[in-house]
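> Sharing a model prediction with you, sequence too.
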Amino acid sequence: MKIAVVGATGLVGGEILKVLAERNFPVSELIPVASERSVGKQVEFKGKPYTVVSFEDAIAAKPAIAIFSAGGSTSLALAPKFAEAGIIVVDNSSAWRMDPTKKLVVPEVNADTLTPEDKIIANPNCSTIQMVVALKPLHDRYKIKRVVVSTYQSVTGTGKAAVDQLFAERAGNTDVAKVYPHPIDLNVLPHIDVFLDNGYTKEEMKMVNETKKIMGDDSIQVTATTVRIPTIGGHSEAVNVEFENEFELSEIVAILSNTEGVIVQDDPANKIYPMPLTAHGKDEVFVGRLRRDESQPKTLNMWIVADNLRKGAATNAVQIAEYLLKHNLVEAEPVTA
Ligand SMILES: NC(=O)c1ccc[n+]([C@@H]2O[C@H](COP(=O)([O-])OP(=O)(O)OC[C@H]3O[C@@H](n4cnc5c(N)ncnc54)[C@H](OP(=O)(O)O)[C@@H]3O)[C@@H](O)[C@H]2O)c1
């Protein structure tokens, strides 16, 4: 299958190339796309160099799927052009997520909603993906009433320039482009994406709205505080979940241990719990610190960590492509190389 990766020179794009290779996705031809300034540059896929082309050349090459990670405005401008040419777009930006005509998909949760008519498919926000993977099986069993989440998010969530800012600050170099309004090294910023009229940030409202859409249940109440911290391995979340129904902690552990894509790391006596350092580079969602909220009934506290560039972006997008292929929702050409 011919695959285009739009944003191939970026952090998420680079991870998409790695994940496609690692999971042995049947790529017959890779078409890397980036902005005009990168056309002619090379990216590596399976040990071979590939030349970055313009979006016009990519559309002319007629890939079956284009995985986008090139920002919201690029996606708004280019995804319809790809879709009109019959190319299925899986988009990592926030451009299409809340469009009622577009599916917002986490394969473990709602890939069964996909149909052959879906030409632009949205990949959710990274913090939301890792949370819903862990919450869905618990919602199915106990029905979630309310979620209170606080995040501790990696600078890799902002892209390459943010990683450069963190390491430049750490090296004492002030001559670097600033993507954050304050220093990030040795700091914590309670500010991700722009502030909205209701006092929340856009990232916080993404967690509220996307959770309801992916879980297919508007009755779930969600409130979020999203925070940037100087780490690179992944996003962490303290999640407080109130259920309609009573639960046994041992049953929660059993359910999560048997959930596809989830790994329970919950052994406080041996200091075992999820951390960005250990989640880095992994595709799974790690869950630990499972304990009853002793301040109110039917309520659980949990700690959820995942690599935002993997399950929060690249892995989820490639899993959507795998689902399309497996369920004959995309035409695959014969593999020629
Ligand atoms: N980082 C995360 O954890 C994460 C998670 C989920 C979703 N996302 C989303 O994924 C997207 C990319 O994030 P990132 O972290 O990879 O950012 P990044 O490192 O800054 O990379 C941005 C990519 O977009 C390309 N691009 C920019 N303008 C373009 C244009 N007009 N046409 C084609 N390509 C263009 C860039 O190409 P050049 O190199 O030529 O500039 C680069 O390849 C964003 O929408 C982000 O919200 C990121």
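That came through fine. Predicted model only: the values in this text are computed from it and were never measured.

> make it CA atoms for all contacts and neighbour counts henceforth
Fine.

> Strands of the stretch 201-337 of the chain, start to end?
All strands of the stretch 201-337 of the chain, identified by DSSP state E, counting those that start in this stretch, fall at 221-225, 235-243, 262-264, 285-292, 299-306.

> could you dump these to JSON lines with mean neighbour count, distance to the ligand and mean pLDDT?
As requested, the strands of the stretch 201-337 of the chain are exported to JSON lines (neighbours: other C-alpha atoms under 10 Å; distance: least, C-alpha to the nearest ligand atom, whole Å; pLDDT from 0 to 100):
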{"stretch": "strand 221-225", "mean neighbour count": "18", "distance to the ligand": "17", "mean pLDDT": "99"}
{"stretch": "strand 235-243", "mean neighbour count": "23", "distance to the ligand": "9", "mean pLDDT": "99"}
{"stretch": "strand 262-264", "mean neighbour count": "20", "distance to the ligand": "19", "mean pLDDT": "98"}
{"stretch": "strand 285-292", "mean neighbour count": "22", "distance to the ligand": "14", "mean pLDDT": "98"}
{"stretch": "strand 299-306", "mean neighbour count": "25", "distance to the ligand": "10", "mean pLDDT": "99"}
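
> Turn those into TSV, columns for distance to V163.
Shown next, in TSV, are the strands of the stretch 201-337 of the chain (distance: least, C-alpha to C-alpha, whole Å):
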stretch	distance to V163
strand 221-225	22
strand 235-243	14
strand 262-264	27
strand 285-292	22
strand 299-306	18
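
> Go through these and name the closest to G159.
Nearest to G159 among the strands of the stretch 201-337 of the chain is strand 235-243; the distance by C-alpha to C-alpha comes to 13.6 Å.

> Residues contacting that closest one, please?
Strand 235-243 is contacted from outside by 127, 131, 139, 142-154, 275-276, 293, 297-308, using C-alpha atoms under 8 Å, 6 or more residues apart in numbering.

> Low-confidence stretches in this protein?
Along the chain, segments meeting pLDDT under 70 span 333-337.

> residue ranges for the helices of the chain, please.
11-22, 55-60, 72-84, 107-110, 126-142, 160-170, 202-215, 249-257, 276-279, 315-326 (DSSP state H).

> okay, the ones you listed in JSON lines with distance to V285 next?
Listed next are those as JSON lines, based on distance: least, C-alpha to C-alpha, whole Å:
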{"stretch": "helix 11-22", "distance to V285": "16"}
{"stretch": "helix 55-60", "distance to V285": "33"}
{"stretch": "helix 72-84", "distance to V285": "25"}
{"stretch": "helix 107-110", "distance to V285": "11"}
{"stretch": "helix 126-142", "distance to V285": "6"}
{"stretch": "helix 160-170", "distance to V285": "22"}
{"stretch": "helix 202-215", "distance to V285": "16"}
{"stretch": "helix 249-257", "distance to V285": "10"}
{"stretch": "helix 276-279", "distance to V285": "8"}
{"stretch": "helix 315-326", "distance to V285": "11"}
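
> which ones are touching the residue nearest to M98 when sequence neighbours are not counted?
Once flanking residues are discounted, M98 sits nearest to E210: 7.3 Å by C-alpha to C-alpha, 6 or more residues apart in numbering. For E210, the contacting residues are R97, M98, L104, P124, N125, T128, by C-alpha under 8 Å, 6+ apart.

> near the ligand too, which of those?
Residues of the contacts of E210 in contact with the ligand (C-alpha under 6 Å from any ligand atom): N125.

> so which pair among the contacts of E210 is furthest apart in space?
Of all pairs drawn from the contacts of E210, the greatest distance, 13.2 Å, lies between M98 and T128 (C-alpha to C-alpha).

> which of those two has more neighbours?
Each of M98 and T128 has its neighbours counted (other C-alpha atoms under 10 Å); T128 has more, 21 against 16.

> residues in the stretch 1-150 of the chain within reach of the ligand, list them.
By C-alpha under 6 Å from any ligand atom, the residues of the stretch 1-150 of the chain that approach the ligand are 6-13, 34-35, 37-38, 69-72, 74, 92-93, 125-126.

> cutoff 5 Å now
Residues of the stretch 1-150 of the chain found near the ligand (C-alpha under 5 Å from any ligand atom) are 7-12, 34-35, 38, 69-71, 92-93, 126.

> Which pair of these spans the longest distance?
Every pair of these checked by C-alpha to C-alpha; the farthest is S38 and C126, at 25.7 Å.

> thought I144 was touching V222?
No. I144 is beyond contact range of V222, at 9.9 Å (criterion: C-alpha atoms under 8 Å).

> Give me the contacts around stretch 1-12.
Contacts with stretch 1-12, where a contact means C-alpha under 8 Å, 6+ apart, come from 13-14, 16-17, 26-35, 38, 43, 52, 55, 58, 62-70, 156, 159-160, 309, 313-314, 332-335.
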